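Visitor: I need the structure of the sequence given here:
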Amino acid sequence: RWLFDQAVCTLYAFCGVLFGLCSLASLTVLSAVCCLKVCFPAYGRCWDMFSRSHAVGLLVAVWAYALAFASAPLAQRGGYGPEPYGTACCITWEASSREATLYILALFIFCYLLPCLLILVSYALILWTVWVSRRAVRQH
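Guide: Modelled structure (predicted):
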């Protein structure tokens with residue numbers, strides 16, 4: 001069972017969601033930048049001068065995105081609580097209100113489905129570009 005009180009449960013769940021969302025968002029941004037550099041070299045040239053401010057801007061955007069979704073249950077749009085087995089805490093998946101249902105739906109779409117699709121499309125475009133380039137080199 002969960003050994004601590006509700007405040008620690010909420011903090012534990014908040015940190016787990018925040019860092020998990022931040023990780024997936026970072027991978028999404030990384031795949032998009034790689035796709036721009038490999039597949040669209042003319043557009044990717046604007047990233048040639050990739051400076052510290054660009055990196056900081058992307059990191060701030062990733063953390064702000066993750067923080068917005070992780071803090072929603074703290075604002076009573078969803079909730080944090082013990083998992084079904086009671087040994088850890090996470091998002092309360094049983095929606096108790098309309099706001100909780102909308103939060104879970106938004107979390108699924110914007111923090112799982114769209115990032116995963118963007119990663120898949122980015123790497124598919126990279127593989128396709130490499131395949132086309134390899135075929136062009138073989139023809140010459």
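
Visitor: F4: what secondary structure?
Guide: With DSSP: H, G, I helix; E, B strand; the rest coil as the basis, F4 sits in coil.

Visitor: In what element of secondary structure is the closest residue to it other than its chain neighbours found?
Guide: The shortest distance from F4 to any non-neighbouring residue, by CB to CB, 6 or more residues apart in numbering, is to Y12 (7.8 Å). Any C-beta I mention is one placed from the backbone N, CA and C, and that applies to glycine too. Per DSSP states H and E, Y12 falls inside helix 6-39.

Visitor: how far does that helix sit from the chain's center?
Guide: Centroid displacement of helix 6-39 relative to its chain, using CA atoms, centre = their mean, to the nearest Å, is 4 Å.

Visitor: do stretch 116-124 as well
Guide: Per CA atoms, centre = their mean, the centroid offset for stretch 116-124 relative to its chain is 13 Å.

Visitor: about what we covered before: show the average pLDDT along the helix holding Y12.
Guide: Average pLDDT, helix 6-39: 93.

Visitor: same for it, what does it pack against?
Guide: helix 41-44, helix 52-71, strand 80-82, strand 89-91, helix 114-139 (3 or more CB pairs under 8 Å, 6 or more residues apart in numbering; DSSP states H and E).

Visitor: mind listing what the residue most central in space within the chain touches?
Guide: Nearest residue to the geometric centre of the chain (CA atoms, centre = their mean): A25, 2.7 Å. Residues near A25 by CB atoms under 8 Å, 6 or more residues apart in numbering: V62, Y65, A66, C111, P115.

Visitor: any idea how far the fourth one lies from L24?
Guide: Using CB to CB, to the nearest Å, one obtains 7 Å as the distance from C111 to L24.

Visitor: Which of the two has more residues huddled nearby?
Guide: More crowded of C111 and L24, by other CB atoms under 10 Å: C111, with 21 against 18.
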